[in-house]
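Participant: Sequence and predicted structure are below.
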Amino acid sequence: MLAPKEIILKGLGVSPGIAIGTVHVRESGSIAIPEYSLKKSEVAGETKRLKTALKTAQEQIGRMKDKSKTIPPAAAEEIGFLLDAYEQMLGNSRLVRGAYRRIKDDRINAEYALQTEISDIQASFAALDDAYIAARMDDIKEVADRVIRALTKTHVKPLNTVPKGSIIICDEMTPADTAQLDPKRVLGFGTVLGGAQGHTAIMACALGLPAVLGTAGILQQAQSGDLVIIDGSQGRVILNPKPATLAAFEARQTERKKNLKRLERLRRQPSITRDGVDISLGCNVELPIEMPGVINSGASSIGLLRSEFMFMNRETIPSEEEQFVLLRDIVKTMDGRTTTIRTLDIGGEKLAQAITKDIGESAQSALGLRGIRLSLKKPELLESQIAAILRAGAFGPVRILLPMVSSTREVKRTRAIINTVAERLKSENIAIADPLPPVGVMIEIPSAALTADALAAVSDFFAVGSNDLTMYTIAVDRTDEQVADLYNPLHPAVLRLIQGTADAALRNRIPISICGEVAGNPRFTALLLGLGIRELSMSAHSLGAVKQRVREIEITAAQNRAHFIMSQTDTGRIAMLLDDFNGLV
Ligand code: PEP
Ligand code: MG
């Protein structure tokens, strides 16, 4: 039998490293379909819900079509026909018309309406006993499943039960999906959709899973059981590699492991520049399973705890007690080192069904009801989170960090809530942090950076979220692979906002750190130090490489280069000047 042909596909390498394993194509599994009847007054809302889900599914197909244009013409044509057919089914098809009618006439929810319509179509096709029709039925089911997933916001089969050694291949992986991955079973993943700076990428890095997103044609070419290499460093997926290719990647994998071991030895070395300036290196934490890595990295703190993880992949909101226990355990593990806990930053691509289901589209919009806005809109949610943080603060130093702040008003309102919650807990004789924890602001929206002096007057520290700051400054969606080439934190506008914020922090004598992805990339270290930043927070996996870079840098030289870079207006030239300083060119 002929060996299967080696296929190399290009995508966005979002989490470095090499994974070699077996393809597990994530298929549509059985989705728990809710069934309920509607009151007359609810019909219009349900019709709108179906309309929105159809739009989401259409957008997904549209993006897959755009992606497929970048693969060889013959394959693109074939995939194009299939995706055209899907698009038509999402338009004015029997499936869609029937579902709308059932919502209106039978007064049933949209998922159930689709499911019932599918059963009807299936019954009428079954009598024909024709292979072509059977294949079309599969297509209709695929389309209906896609809409039902958009309605229920669930993804398909649980990802934590895949066979050991799997590499997941699928159309899209949400941050919540990624949070479910068990690195003992899953070695990496490749998807058709997704940008390099989204939270799926961040979670993949946190879990140490090589990942390539935005890979056109991957679902059509990969079959479950195939051997596959994910090259997360160079953004390549190699299906059915030839023996020579496999050997080359195995060698690279061994080399990388050796390098990481070498960096691990820096763990006990101080994070200090050549001219003796201390640089504090902290960790970003997304999931409690990262904690052993955090301790092992020698981090001096947790500079960003993304508390969203507690709210994802569950149907109910965690109680104050549940949140407290989780946070207390993390604080205790840190053993006296500070844990900076960010309040809920749900919204955008990070959805938590239990909270966002009644918010609708606004929670999914980058400009919508998200971050601190959402917390202030749902004070009971914020209060229970604050109570859990204050209580965890009785077990070690914590700081409270507010995400997506755009004005001083949000900070003042949150502070008032913190004080009220603290008074209540004290009156109940419950142990809390004493004194109350510092309250800091994420600088990740241009309005926050531009009013940093005013924000400094009402807050105790700044944490620059360069991921969102880049997105909002250049108006480039960090999760969209189609504009990934425009996303660049070296854009002079982004650098000016970081510089202005650093100057404001200095003027107002409050600490400032950077916790966006630039903090974990040694390429940016000299520039950030040169701009006056002395605290960086990153994935535990990046800490060794950044510490190595810190120890090579002389602050005065970095300041001079940063000064020169800040006089530039061209992103390409800025990159060249930085890489030149780093000794790369
Ligand atoms: C950021 O925006 O840079 C940040 C650290 O927050 P997140 O990536 O969670 O949005
Ligand atoms: Mg952010």
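Facilitator: All right, it came through fine. Numbering: from 1, shown residues only. Ligands and ions are numbered 1, 2, ... in the order given.
Participant: in the longest helix anywhere in the chain, what's buried?
Facilitator: Longest helix in the chain, counting residues (DSSP state H): helix 43-68. The neighbour-count check on helix 43-68 (16 or more other CB atoms under 10 Å) flags 46-47, 49-50, 52-54, 56-58, 60-61, 63-65, 67-68 as buried. Yep, even glycine has a C-beta here, placed from its N, CA and C like the rest.
Participant: Same question for stretch 478-488.
Facilitator: 478-481, 484, 487-488.
Participant: try stretch 453-465
Facilitator: For stretch 453-465, a neighbour-count test (16+ other CB under 10 Å) marks 455-456, 458-459, 461-465 as buried.
Participant: Among the residues you listed, which ones are in helices?
Facilitator: Reading helices off these with DSSP H, I get 455-456, 458.
Participant: that older thread, in helices only, show me the buried residues of stretch 478-488.
Facilitator: Going by DSSP H, the helices hold none of these.
Participant: nearest to ligand 2, of these?
Facilitator: Distance to ligand 2 across the buried residues of stretch 478-488 (CB to the ion) is lowest for residue 478, with 8.9 Å.
Participant: per-residue confidence at that closest one?
Facilitator: We have a pLDDT of 88 for residue 478.
Participant: Can you get me a residue count around the closest residue to ligand 2 within the stretch 151-300 of the chain?
Facilitator: In the stretch 151-300 of the chain, the residue that lies nearest ligand 2 is residue 199 (8.8 Å; CB to the ion). Counted with other CB atoms under 10 Å, residues neighbouring residue 199 total 23.
Participant: List, one by one, the residues from the stretch 201-350 of the chain near ligand 1.
Facilitator: Within the stretch 201-350 of the chain, the positions adjacent to ligand 1 are 202, 304, 306, 345 by CB under 6 Å from any ligand atom.
Participant: Buried ones only from those residues, please, as a ChimeraX command.
Facilitator: In ChimeraX syntax, the buried subset of those is picked out as below (16+ other CB under 10 Å):
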select :202,304,306,345
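Participant: Return the subset of the residues of the stretch 201-350 of the chain next to ligand 1 lying in helices.
Facilitator: Among those, the ones falling in helices (DSSP H) are residue 202.
Participant: quick one: the residue lying closest to residue 9 once chain neighbours are set aside and ligand 1, what's the gap?
Facilitator: Distances taken as CB to CB, 6 or more residues apart in numbering put residue 237 closest to residue 9, at 4.6 Å, once the chain neighbours are dropped. Taking CB to the nearest ligand atom, to the nearest Å as the measure, residue 237 falls 25 Å from ligand 1.
Participant: ok, what's across the strand from residue 237?
Facilitator: residue 9, residue 230 (DSSP bridges).
Participant: related to what we said a few turns ago, what's the closest of the ones in helices among the buried residues of stretch 453-465 to residue 93?
Facilitator: Within these, the smallest distance to residue 93 is 51.4 Å, found for residue 455 (CB to CB).
Participant: that older thread, tell me the spacing between the residue nearest to residue 9 and residue 20.
Facilitator: Remark: distance between residue 237 and residue 20 (CB to CB, to the nearest Å) = 12 Å.
Participant: for the spatially most central residue of the chain, what are its contacts?
Facilitator: Per CA atoms, centre = their mean, the C-alpha nearest to the average position across the chain is that of residue 199, at 0.6 Å. By CB atoms under 8 Å, 6 or more residues apart in numbering, the contact set of residue 199 is 175, 178, 286, 349-350, 479.
Participant: Over to residue 314?
Facilitator: By CB under 8 Å, 6+ apart, the residues touching residue 314 are 352-354.
Participant: These into a markdown table, with extra columns for secondary structure and distance to ligand 1?
Facilitator: As requested, these are exported to a markdown table (DSSP: H, G, I helix; E, B strand; the rest coil; distance: CB to the nearest ligand atom, whole Å):
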| residue | secondary structure | distance to ligand 1 |
| --- | --- | --- |
| 352 | coil | 14 |
| 353 | helix | 19 |
| 354 | helix | 19 |
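Participant: picking up where we left off before, and the furthest pair within the contacts of residue 199?
Facilitator: Greatest spacing in the contacts of residue 199, by CB to CB: 286 and 479 (15.8 Å).
Participant: buried set for the one helix or strand residue 114 maps to?
Facilitator: Using DSSP states H and E, residue 114 falls within helix 110-126. For helix 110-126, a neighbour-count test (16+ other CB under 10 Å) marks 110-118, 121 as buried.
Participant: same question, stretch 496-512
Facilitator: 497-502, 504-505, 508, 510, 512.
Participant: quick one: which of the residues you listed is nearest residue 11?
Facilitator: residue 498 (28.9 Å).
Participant: Could you double-check that that closest one lies in contact with residue 532?
Facilitator: No - with contact defined as CB atoms under 8 Å, residue 498 does not reach residue 532; the gap is 9.4 Å.
Participant: Next one: residue 526 from residue 90, what distance?
Facilitator: Distance, residue 526 to residue 90, by CB to CB: 50 Å.
Participant: Could you single out the nearest of the contacts of residue 199 to residue 522?
Facilitator: The shortest approach to residue 522 among the contacts of residue 199 belongs to residue 286, at 21.0 Å (CB to CB).
Participant: Who are the contact partners of the nearest residue to residue 47 once chain neighbours are set aside?
Facilitator: Spatial nearest neighbour of residue 47, excluding adjacent residues (CB to CB, 6+ apart): residue 103 at 5.6 Å. By CB under 8 Å, 6+ apart, the residues touching residue 103 are 38, 43, 46-47, 50, 109-110, 113.
Participant: what's the closest non-adjacent residue to residue 368?
Facilitator: residue 362 (3.7 Å).
Participant: quick one: residue 438 and residue 399 touch, right?
Facilitator: Yes - between residue 438 and residue 399 there is a contact at 4.8 Å, judged by CB under 8 Å.
Participant: More neighbours: which of the two?
Facilitator: Under the criterion of other CB under 10 Å, the comparison of residue 438 against residue 399 puts residue 399 first, with 24 against 18.
Participant: Quick check: bridge partners of that one?
Facilitator: Assigned bridge partners for residue 399, using DSSP bridges, are residue 340.
Participant: quick one, strands of the stretch 251-400 of the chain?
Facilitator: Counting by DSSP state E, counting those that start in this stretch, the stretch 251-400 of the chain has these strands, from start to end: 280-285, 302-306, 339-342, 398-402.
Participant: Output the ones you listed in JSON lines, with distance to ligand 2 and mean pLDDT appended to each entry.
Facilitator: Formatted as JSON lines, the strands of the stretch 251-400 of the chain follow (distance: least, CB to the ion, whole Å; pLDDT from 0 to 100):
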{"stretch": "strand 280-285", "distance to ligand 2": "11", "mean pLDDT": "98"}
{"stretch": "strand 302-306", "distance to ligand 2": "9", "mean pLDDT": "98"}
{"stretch": "strand 339-342", "distance to ligand 2": "9", "mean pLDDT": "98"}
{"stretch": "strand 398-402", "distance to ligand 2": "11", "mean pLDDT": "98"}
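Participant: No further queries at this time; thank you.
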